[in-house]
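Q: Here is the input, now give the coordinates:
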Amino acid sequence: MVLKQAKEVLQIEAEGILGVIDRLDNNFVKMVDLIYKSKGRVIITGIGKSGIVARKIVATLNSTGTPSLFLHPVEAMHGDLGMVGAGDVVIALSSSGETDELNVLIPSIKRIGCPLVAFTGQVESTLGKQSDIFIDVGVEREACPLGLAPTASTTALLAVGDALAVTLVNKRKFKSKDFRRFHPGGSLGQHLSVKVKEIMFTGKKIPVVSKGETMRHAIQEINRMHFGATLVVEGDNILAGIVTDGDIRRYLMTQERIYDRRVEEVMTTNPKTLGPDSLASQALSIMEQHEITLLPIVNPVQKVRGILHLHDILGKGAFRFNGV
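A: Numbering: from 1, shown residues only. Here you go, the predicted structure:
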């Protein structure tokens, strides 16, 4: 019985979103264009459950490159309206369009000169009639059996807010590097979801020596980039092995002379590698499993494309293994 009811709720909410899809029209395009061209911020207001949804939409817009603020309707009438400027776009959320606390704000918003966008299900409501752009987010029924608690209606509001954020992401050509810039506190989660090629070192930043060269040269290369290792290549930049600080220490346990030795006498052959299109999370998993801090990044024929250090995934000082 419980499972049946849960599925019915999800079905009702899914139907609500599908209904909004069918009614989405050129007003949505006008809204996106208005916000994209605006020199100000997006001010989103709502009260009760709609206010909670408004806060979430603000958070999503801010994290994806659209400066936004939440305006509480009651606090707005006691001074917070001062945060709204003529260059801003105001979006008001109200399923009924007859929320008193919101509607009392409308004359003040008009006087400031902000365009007003209404997210409501009632075009003939006070909010709907006073808005410059009307977005129909109405649903046929709520999932609440009493028809009292906002359920399907708030889901529809949230979904349209997400649609707005995503279309603006595409219009602004917002990239993953931009998202990480706005999420310094969540950089680990973002780094783990990006491809290795986005964070690996390439070109002259790769510590590398050729097979046949001396360990003196290898140690100089290790010191140059401070990775604690250097790649060893042969032929057309094909990976032959890797020399790490650990390899050097282990060699010195049995041999006194190292500078004139060839790198292939000290290096580790067949090191763990990864492709440039792999996820950073895969790289971290390999590093944890094998207790290493460095991965050569190669193509399918083992040609070196880059190098990835643990620091570039986790941040310097955030993680430490016993070995190299």
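Q: Quick one: low-confidence residue ranges for the stretch 201-324 of the chain.
A: Filtered on pLDDT under 70, the stretch 201-324 of the chain yields the residue ranges 314-324.
Q: So which residues of it form helices?
A: For the stretch 201-324 of the chain, the helices defined by DSSP state H, counting those that start in this stretch cover 215-225, 245-252, 263-266, 280-290, 311-314.
Q: Show me what counts as buried in the second one.
A: In other words, helix 245-252. Applying a neighbour-count criterion of 16 or more other CB atoms under 10 Å, the buried positions in helix 245-252 are 247-248, 251. To be clear about C-beta, it is placed using only N, CA and C from the backbone, and glycine gets the same treatment.
Q: Compute the inter-axis angle for it and helix 215-225.
A: Interaxial angle of helix 245-252 relative to helix 215-225 (axes from the mean of the first three to the mean of the last three CA atoms, to 10 degrees): 150 degrees.
Q: For the residue nearest to Lys195 when sequence neighbours are not counted, give me phi and psi.
A: Nearest residue to Lys195, sequence neighbours excluded (CB to CB, 6 or more residues apart in numbering): Asp277, at 5.6 Å. Backbone torsions of Asp277, given as degrees, to the nearest 10, read phi -90, psi 0.
Q: Contact partners for Asp277?
A: By CB atoms under 8 Å, 6 or more residues apart in numbering, Asp277 lies in contact with 195-197.
Q: most surrounded residue in the residues you listed?
A: Counting neighbours by other CB atoms under 10 Å, Val196 leads these with 23 neighbours.
Q: quick one: that one and Ile297 touch, right?
A: Yes: counting by CB atoms under 8 Å, Ile297 is a contact partner of Val196 at 5.8 Å.
Q: which residues do these two both contact?
A: Taking CB under 8 Å, 6+ apart as the criterion, Val196 and Ile297 both touch 274-276, 306, 308.
Q: Which two of these have the greatest separation?
A: The largest separation in the shared contacts of Val196 and Ile297, counting by CB to CB, is between Gly275 and Leu308 at 11.1 Å.
Q: So these two - more neighbours on which side?
A: Legend: neighbour count by other CB under 10 Å for Gly275 and Leu308, higher for Leu308 (26 against 14).
Q: so that one bridges to which residues?
A: Leu295 (DSSP bridges).
Q: which residues does it contact?
A: Leu308 makes contact with 196, 199-201, 274, 280, 283, 294-295, 297, according to CB under 8 Å, 6+ apart.
Q: Can you tell me which of those residues is closest to Phe227?
A: Leu294 (5.9 Å).
Q: Excluding residues flanking it in the chain, which one is nearest that closest one?
A: Leaving aside its sequence neighbours, Leu294 sits nearest to Ala229 (CB to CB, 6+ apart; 5.0 Å).
Q: ok, which stretches of this structure are strands?
A: Under the criterion DSSP state E, strands of the chain are mapped to 42-45, 68-71, 89-93, 116-120, 133-136, 208-210, 229-234, 238-244, 268-269, 294-298, 304-309.
Q: And for Asn170, the neighbour number?
A: Each residue near Asn170 was counted by other CB under 10 Å, and the total is 9.
Q: Give me the distance between Lys204 and Thr126.
A: Look at Lys204 and Thr126: by CB to CB, to the nearest Å, they are 65 Å apart.
Q: These two: which has the busier surroundings?
A: Taking neighbours as other CB under 10 Å, Lys204 and Thr126 compare with Thr126 leading, 20 against 9.
Q: how does the protein divide into domains?
A: Annotated domains of the chain cover 2-174, 193-314 [automatic domain parsing].
Q: Sounds good, over and out.
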